[in-house]
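pasted the sequence and its predicted model underneath.
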Amino acid sequence: MKKLLTGNSAITYAVTMCRPQVISAYPITPQTTIVEDLSEVCSDGRLHAKFIRVESEHSAMACAAAACATGSRVFTATSSHGLAYMHEMLHWVSGSRLPVVMVNGNRALGAPWSIWCDHSDSLSQRDTGWIQLYCQSAQEALDTIIQAYRIAEELLLPVMILVDGFFLTHTSDTVDVPDQKAVDRFLPAYKARYKISADEPHTFNIMADTSLFISFKHEAQKAMEEAKKVAARVDREFKAHFGRGYGLLDKFRCQDAEVILFTMGTAASTAREVIGDYRQQGKKVGLCRLRMFRPSPVEEVTRLLGGVKKVAVLDRDNSLGAGGIVAQELKAALYGAARKPKIYEFIAGLGGKDITPETIREVIAKTLKQPNPGSHPVWMGVQA
Amino acid sequence: MKMKKKTLSKKKPVIPPMSMSLEGTRAIKTGTWRYLTPAYQNKVAPCNEGCPAGEDIEAAMVLSGQEDYIGAWEKITKENPLPRVCGRVCFHPCERACNRREYDEPAAINALERFVGDRAFQAGKSFTPIEPKRKEKTAVIGSGPAGLSCAYHLASLGYGVTLFEAEAQLGGMLRYGIPSYRLPREVLDQEIRNILSLGVEARPRTRLGVDLKWEELKSFDAVFLSAGAWKSLPLRIPGEKAAGVLSGLEFLRKVNSGETVDLGERVAIVGGGNTAMDAARSTLRLGAKPLVLYRRTKEEMPAWEEEISEAEEEAIEFLFLSSPVRVLAAEGKVSGIECVKNLLGPPGKDGRREPRPIEGSNFTLPVDSVLSCIGETPDFSFLPESLKKTAGAVFVDETGATSLPRVFAGGDIVDQPRTVSHAIGAGKRAAMAIDASFRGKNVAEVLRAARWGEKGSLSMARYLAGGADGTAPTVVKFSDLNPAYFQRRRRKPKEKLPASERASDFREINAGLSPDAALEEAKRCFNCGVCNLCDNCFIFCPDMAISARPDKQGYEINLEYCKGCCICVEECPRGAISVEVQK
């Protein structure tokens, strides 16, 4: 059924339909309405889940982890500083191979204070062992949550779904809400292979000696590698069930493109318009939105960008002292490629600054015009 | 090399994704570390010990908290057939014993008992009649609370009972002493009917010594003497023979029988006990102006606090530190009363400060009647010489037995606190003692096994079970509880008829609890010493050694894994888990 929903509402619908048994969460802008609505569906009986109110995000994740370890399907949501506060538990969850699914409303990390969107919060957690899927629309957020449980529970890896704060969380869009029965068919109940149970007691997370620790990490790395295939397969199956699919890379007019704009999140929908304009002018410009940031879909990236002349990377983040994180990932992915594009790096939209069609037009114009990229990323919209 | 690689890749991974024990931990039984052993053991709640009628208050509170008021009524009436009466007139020593008193305010047990009784009545509950199974018959002399209780319990045990009553109607002090604004007659009538429905034979208008000779009681196998204390003590002052001087009890008996009593306009009530309060408040309702004369101060008044405060609400006048010395009469009729002012001297034998008259402080008050309420004593005129008596009481031993074989006594006729609940307890004690002696048991021993705690309160349930049924004799103190689990919540105040509406008639002044308030009060109960399945131990056990019992009526501890940390004991809100030290 089609509904006019904000991103957060679409997420609540999706989570409810996935039938988690335990939700533990702490409110934080711009994610708060997700948690609020979920507490409501739990209290009025639309969802038979235990809603645990916690005193911090660290506890939210600890509760989710513990509940998940008993074999429950779990959910939590957070944002920015909340995610940063969870950092320690993010490692514990992935290290324990718990299929926790979480939504993070992307929001800048202070200081200075900001409640607005950028990707610095989730990209700061790129090494925690979580799968990261970045969404562009409310519909995609809804669909990705349903997919995420399948991916997580098959691989025993946690999945973080990223939605741009306010641009996605708080704007309304038409969303096709699937039928509960269809979701149940696509996503059966979670059956844990290993779980805490009084009937069959085991010790969990025992200290691993030096010979074992590395093996656990290697197993997790293999699962992460596997995740690229699993996520792609789940996305295909989802498309077969619901008629919508997204891929690991969301490509737009890339087929014959000589220049490709490479970015994540909602900026991609703005970029679509601009790309269309350039195409009308006969410029062979395309757009690639990176949907799966972790694991890094190196092979697909290499395949797509190997034959392209120039790539403009628009980072809504910055690793201080290094540069845009997506650009670094891209460069790392392409290092072993036979043919490498020139990479033009742009930093834009930090702390919620709008990435307007003009911003994107300027980025593409600069890339088209300059024969070679500069030695440093170009910062868009910095006050002189 | 190639071969080797193939074998390796075929091999299933030896380690699970998560660092966890593969073999399970059942082999490592941590119970061997234990030197303390927690064990579930229900204990006695202080309210049960404090109830002279021996009610299982704690159990009734648990059931009420589950809104099972009929279940609560069944628990109460196992011990006391008069919950609607007691819920109105009992001075509730249970609430004085309540551990919640030390936390915020005691649970409103008395009001809840009334609610439970009224609920059961509204639901049409009554006692199930029993065919007499046993041949022995008992005569009960006096149908006050002690006699009614004894008759009820004996009938419930299958014995024939004949209840002799001197007055026209049953109830004794409940009917003729307690005014109807505290105990409506239809409530009393209903509970008495309920008791009689068990097959108790009632013989009203049969006064021992007048209509019935002591010797005639020999046809019975046992006698329970519960004739009360109906003789008022004289004032022992000049003029007390004048018309218009009445004993308080006689006055109450007349009012409560529906007789007209002309008191005139101003009435002096002499005394500070419950009879004085009842007399003064009844006087007010008859349209006269009561003045209470008490020789000490309010602090020393023996009346229940609630009776005093209700009298004060009704604007009844008190004159303290005043003793009457002479009743003034004109033409043989009371015209006034002369008093002397007192000072309080050092404490006397009972701990209360003794009044000392101040010489020359005499004063007179113009009054039309004098009600003497300075105490009551039993009438022994109809009792045989051979029955041993002490000062103002029939002698009984700890089992309620008198000096004559198979003659028991209880209530106001013996030396015990003169309360309805003590009378009910004494009636029950006699029923147990009579049953035990018919069965040839050691009466003192079986009564000891039926005790709640140490204050002499007896449980019929325990008597029938032959003991405490696994419950420890320990009475739970506030310090045994974990108050962190209880929220501070004020007790529901009693709703009463406004004082301005009380003077004109004898309507019941207490309204009783609303269903919401009753449930809230039931839930305020700590359930001291008794597991109520709160799950705290189960949640806290770090070894998951605690699980629900198969019957779901409690928990069990798997001692193979219990390390004896006793967190469960600490976290039990109500002291229902004990620690045993390993030998």
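Good, I have the coordinates. Residues are numbered from 1 along each chain as shown, chains lettered A, B, ... in the order given.

spell out which residues of chain A are next to chain B.
A:95-98, A:156, A:194, A:198, A:200-208, A:212, A:215-216, A:219-220, A:223 (C-beta under 8 Å from any C-beta of the partner chain). The way it works is simple: take the backbone N, C-alpha and C, and place the C-beta from them, glycine included.

give me the buried subset of the residues you listed.
Neighbour counting with 16 or more other C-beta atoms under 10 Å in any protein chain shown marks A:95-98, A:156, A:194, A:201-202, A:204, A:216, A:219-220, A:223 as buried within those.

now, those that are in strands?
Secondary structure from DSSP state E places none of those in strands.

wait, which of these is closest to A:C42?
A:L98 (20.8 Å; C-beta to C-beta).

give me every residue that touches the closest one.
The contact partners of A:L98, taken as C-beta atoms under 8 Å, 6 or more residues apart in numbering or on different chains, are A:A65, A:C68, A:A69, A:L156, A:P158, B:M18.

let's see it at 6 Å
The contact partners of A:L98, by C-beta atoms under 6 Å, 6 or more residues apart in numbering or on different chains, come to A:A65, A:C68.

mind listing what A:L248 touches?
A:A232, A:R291, A:M292, A:P297, A:E300.

what's the domain layout of the chain?
Answering for chain A, as no chain was given. The record's domain parsing of chain A by automatic domain parsing lists A:2-242, A:250-379.

was after chain B, sorry
According to automatic domain parsing, chain B comprises the domains B:30-42+B:531-581, B:46-125+B:488-524, B:137-230+B:378-440, B:234-374.

of those, which is nearest chain A?
Smallest distance to chain A across the domains of chain B (C-beta to the nearest C-beta): 4.8 Å, for domain B:30-42+B:531-581.

related to what we said a few turns ago, so which of the contacts of A:L248 sit within helices?
A:A232, A:E300 (DSSP state H).

wait, which of the contacts of A:L248 is closest to A:H58?
Using C-beta to C-beta, A:M292 comes nearest to A:H58 of those, at 26.7 Å.

possible to save the contacts of A:L248 as TSV with pLDDT and neighbour count?
Below are the contacts of A:L248 laid out as TSV (pLDDT from 0 to 100; neighbours: other C-beta atoms under 10 Å in any protein chain shown):
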residue	pLDDT	neighbour count
A:A232	98	17
A:R291	98	24
A:M292	98	24
A:P297	96	23
A:E300	95	19
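
all strands for the stretch 1-150 of chain A, in order.
Ranges of strands in the stretch 1-150 of chain A, per DSSP state E, counting those that start in this stretch, are A:2-6, A:22-25, A:50-53, A:74-79, A:101-106, A:131-134.

possible to save those as JSON lines with mean neighbour count and mean pLDDT?
Formatted as JSON lines, the strands of the stretch 1-150 of chain A follow (neighbours: other C-beta atoms under 10 Å in any protein chain shown; pLDDT from 0 to 100):
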{"stretch": "strand A:2-6", "mean neighbour count": "15", "mean pLDDT": "98"}
{"stretch": "strand A:22-25", "mean neighbour count": "26", "mean pLDDT": "97"}
{"stretch": "strand A:50-53", "mean neighbour count": "16", "mean pLDDT": "96"}
{"stretch": "strand A:74-79", "mean neighbour count": "30", "mean pLDDT": "98"}
{"stretch": "strand A:101-106", "mean neighbour count": "30", "mean pLDDT": "98"}
{"stretch": "strand A:131-134", "mean neighbour count": "26", "mean pLDDT": "98"}
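
could I get the ones you listed as a markdown table with distance to B:P357?
Shown next, in a markdown table, are those (distance: least, C-beta to C-beta, whole Å):
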| stretch | distance to B:P357 |
| --- | --- |
| strand A:2-6 | 88 |
| strand A:22-25 | 77 |
| strand A:50-53 | 70 |
| strand A:74-79 | 82 |
| strand A:101-106 | 87 |
| strand A:131-134 | 96 |
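
for chain A, what are the low-confidence residue spans?
Within chain A, no stretch has pLDDT under 70.

and the residue of it closest to chain B?
At 3.8 Å from chain B, A:R97 is the closest residue in chain A, using C-beta to the nearest C-beta.

look up how far A:Y246 lies from that residue.
Counting by C-beta to C-beta, to the nearest Å, the separation of A:R97 from A:Y246 is 25 Å.

and what of A:L90?
24 Å.

one step back: can you put the domains of chain B in a markdown table and add mean pLDDT and mean neighbour count?
What follows is the domains of chain B, written out as a markdown table (pLDDT from 0 to 100; neighbours: other C-beta under 10 Å):
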| stretch | mean pLDDT | mean neighbour count |
| --- | --- | --- |
| domain B:30-42+B:531-581 | 92 | 17 |
| domain B:46-125+B:488-524 | 95 | 21 |
| domain B:137-230+B:378-440 | 96 | 21 |
| domain B:234-374 | 94 | 18 |
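
in JSON lines: the ones you listed, plus distance to chain A.
Compiled in JSON lines, those are given as follows (distance: least, C-beta to the nearest C-beta, whole Å):
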{"stretch": "domain B:30-42+B:531-581", "distance to chain A": "5"}
{"stretch": "domain B:46-125+B:488-524", "distance to chain A": "21"}
{"stretch": "domain B:137-230+B:378-440", "distance to chain A": "43"}
{"stretch": "domain B:234-374", "distance to chain A": "43"}
